[in-house]
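In: no FASTA, just this:
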Ligand SMILES: C[S@@+](CC[C@H](N)C(=O)[O-])C[C@H]1O[C@@H](n2cnc3c(N)ncnc32)[C@H](O)[C@@H]1O
């Protein structure tokens, strides 16, 4: 049993650092999104923003021959990406850097593809796409997942949960219009399967949280953290017909 009381942020990192993913997604979904991008050999310089420990970054590296820079605000996640890339002999062309998606530390017009899963809602869909546009070459692509309303009905308790977490969900059509407003041609949008949430994220995360509860016995912060995560699962199971992650793919024009 651990004596030191962890903070919420420390718990978030500790719960997620050993997981393949830090949000809903799958390799099948990455491949489906890539299928809309035409000839993949054109992608020489790629950014993966909010990459976490790099689950999707490494899948991208299997399908693309270019250099991939994963950016995340948490140094622990970036270190994990670098270690994971090294263990797969990919460190020559997959590198992590610590940075802020809202203020990218890159040269303008430098990327053929900007990828981002489960992260853009932290800064806002329009703000993110608008800021990232100038870092893409003309004709480059953006491919992002963002939690979105799938129906016109927006249950209050789900909406409030997401707002408290710092994310404002929008309808798919509204997000497509925002993408177009930010200087992209709309290419495709599709909703992620339920397994992306459950099998690939919630179930492994629940195991990690159970270990934290065991490790930090009788710690209020851990109890609160576990409850918040379980509430997220409960709301998703109740309202999964109303909201979900959606992949949005656009071309910089
Ligand atoms: C839900 S996780 C998704 C991680 C990974 N892309 C995945 O799908 O497994 C969101 C990630 O975005 C990162 N993030 C959130 N806001 C950020 C910001 N402003 N700049 C950089 N990274 C950020 C978090 O640290 C976290 O790793």
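Out: All right, it came through fine. Treat the numbers as computed from the prediction; the structure is a model and nothing was measured. Residues are numbered from 1 along each chain as shown.
In: how far does the helix or strand encompassing residue 33 sit from the chain's center?
Out: Per DSSP states H and E, residue 33 falls inside helix 27-34. Remark: helix 27-34 is offset 14 Å from the chain centroid, using C-alpha atoms, centre = their mean, to the nearest Å.
In: Any part of it near the ligand?
Out: No - legend: contact between helix 27-34 and the ligand by C-beta under 6 Å from any ligand atom is lacking; minimum distance shown is 9.8 Å. Placement of C-beta: from N, CA and C, glycine included.
In: Quick one: mean pLDDT over stretch 29-41.
Out: Stretch 29-41 carries an average pLDDT of 97.
In: Any chance you could list what contacts it?
Out: Residues from elsewhere that reach stretch 29-41, judged by C-beta atoms under 8 Å, 6 or more residues apart in numbering: 43, 56, 59-60, 63-65, 113, 141, 143, 145, 187-188, 190, 192-193, 196, 247, 249.
In: Can you select the buried ones from these in ChimeraX?
Out: A single ChimeraX command is used to select the members of these judged buried by 16 or more other C-beta atoms under 10 Å:
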select :43,56,59,60,64,113,141,143,145,187,190,192,193,196,247,249
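In: Out of the contacts of stretch 29-41, which are close to the ligand?
Out: residue 56.
In: Among the contacts of stretch 29-41, which are located in helices?
Out: 56, 59, 60, 63, 196 (DSSP state H).
In: Make a markdown table out of those and add pLDDT.
Out: Below are the ones in helices among the contacts of stretch 29-41 laid out as a markdown table (pLDDT from 0 to 100):
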| residue | pLDDT |
| --- | --- |
| 56 | 98 |
| 59 | 98 |
| 60 | 98 |
| 63 | 97 |
| 196 | 98 |
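In: neighbours around the residue of the stretch 51-200 of the chain found nearest the ligand, how many?
Out: Nearest to the ligand in the stretch 51-200 of the chain, going by C-beta to the nearest ligand atom, is residue 52, at a distance of 2.9 Å. Counted with other C-beta atoms under 10 Å, residues neighbouring residue 52 total 27.
In: Give me the pLDDT value at the residue nearest to it when sequence neighbours are not counted.
Out: Nearest residue to residue 52 in three dimensions, chain neighbours excluded: residue 22, at 3.8 Å (C-beta to C-beta, 6 or more residues apart in numbering). Note on residue 22: pLDDT of 98.
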